[in-house]
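**Q** Structure for this input, please:
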Amino acid sequence: MTQTQPITVLLVDDQPLLRMGFRLILEGEDDLRIVGEASDGAEAVRQARELAPDVVLMDVRMPVLDGIEATRAITAAGATARIIILTTFDVDEYAFAGLQAGASAFLLKDVAPAELIQAVRVVASGDAVVAPRVTQRLLETYVRGAARPPASTQRDPLLQDLTPRETEMLEAMAEGLSNAEIAHRYFLSEATVKTHVRRILTKLHLRDRVQAVVYAYETGLVVPSNSDY
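**A** Now for the predicted structure:
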């Protein structure tokens, strides 16, 4: 099966050399196309609105408007763009804030070219690019350290719309299990698991799988473990 339209990408970083490096890597692929570049968050918000890219590669520390606020503004506007936050460390407060703001993934700035290309493709397809257990470790680190009321007082009424099976699926996703691992645990096909995941995202008004994991922690559906990471 061939893809008729290339995946469009907006590059956002205040360092021209980094933008150039990402452009050279991504434009070497036939199915990827750079449609714009921005050097600050405010320009990123404007270009995301005007260009409607499939994927935004978003730096965090920038002038005028930082990458977290830019991500929040883009997702709040209802844009369909998937945002990848670029960070320095995998367990990073900026990565956590980016996921909370609506980003679909985070990558280290020194990511290998092949991994960057794959990340853009995976995020554009609507899947999670962050390894689920890396996401879990990040959330465990920051949610455990936050002062939170009892889970029972935070439960979102939307959770009541989930079937018992869908609730199990959401909890498994928050554990960091892949679709294949969830399918194995519950004796289901991967296609059935994907259907459950789509229904969960629709019912909870979530953009993607990563946002579902963030949601499970923030609403108290999943409580951080006592494990050390």
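**Q** Which residue ranges of this structure form strands?
**A** 7-12, 32-38, 55-59, 82-87, 105-108 (DSSP state E).
**Q** ranking those strands by mean pLDDT, which is last?
**A** Mean pLDDT is lowest for strand 105-108 among these, at a mean of 81.
**Q** So which elements touch that strand?
**A** strand 82-87, helix 93-101, helix 113-124 (3 or more CB pairs under 8 Å, 6 or more residues apart in numbering; DSSP states H and E). For glycine as for every other residue, the C-beta is placed from the backbone atoms N, C-alpha and C.
**Q** what are the pairing partners of it, and which direction each?
**A** Next to strand 105-108 in the sheet, as set by DSSP bridges, lie strand 82-87 (parallel).
**Q** ok, and what's touching the strand it pairs with?
**A** 13, 54-60, 67-68, 71, 74-75, 94-95, 98-99, 102-109, 119-120, 123-124, 126, 129, 207-208 (CB atoms under 8 Å, 6 or more residues apart in numbering).
**Q** Can you dump the C-alpha atoms of that strand in CSV for me?
**A** Below are the C-alpha coordinates for strand 82-87, written out as CSV (Å, rounded to 0.1, in the frame of the first residue of the first chain):
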residue,chain,number,x,y,z
ARG,A,82,0.7,15.7,16.7
ILE,A,83,3.4,17.4,18.7
ILE,A,84,6.7,15.8,19.6
ILE,A,85,8.5,17.6,22.5
LEU,A,86,12.3,17.7,22.2
THR,A,87,14.0,17.4,25.6
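**Q** Single out the most deeply packed of the helices and strands packed on strand 105-108.
**A** Burial of the helices and strands packed on strand 105-108 is given as mean neighbour count (mean count of other CB atoms under 10 Å); strand 82-87 ranks first at a mean of 26.
**Q** biggest helix in this structure, by residue count?
**A** helix 190-204 (DSSP state H).
**Q** show me the contacts for residue 51.
**A** Contacts for residue 51 (CB under 8 Å, 6+ apart) come out as 8, 10, 35-36.
**Q** mind redoing it with 7 Å?
**A** Residue 51 sits next to 10, 35-36 when contact means CB atoms under 7 Å, 6 or more residues apart in numbering.
**Q** Out of these, who's the most crowded?
**A** For the contacts of residue 51, the largest number of neighbours (other CB atoms under 10 Å) sits with residue 10, at 25 neighbours.
**Q** Distance check, the closest residue in space to that residue that isn't next to it in sequence against residue 199.
**A** Nearest-residue entry for residue 10: residue 53, 4.1 Å, with adjacent residues in sequence omitted and distances by CB to CB, 6 or more residues apart in numbering. Distance, residue 53 to residue 199, using CB to CB, to the nearest Å: 27 Å.
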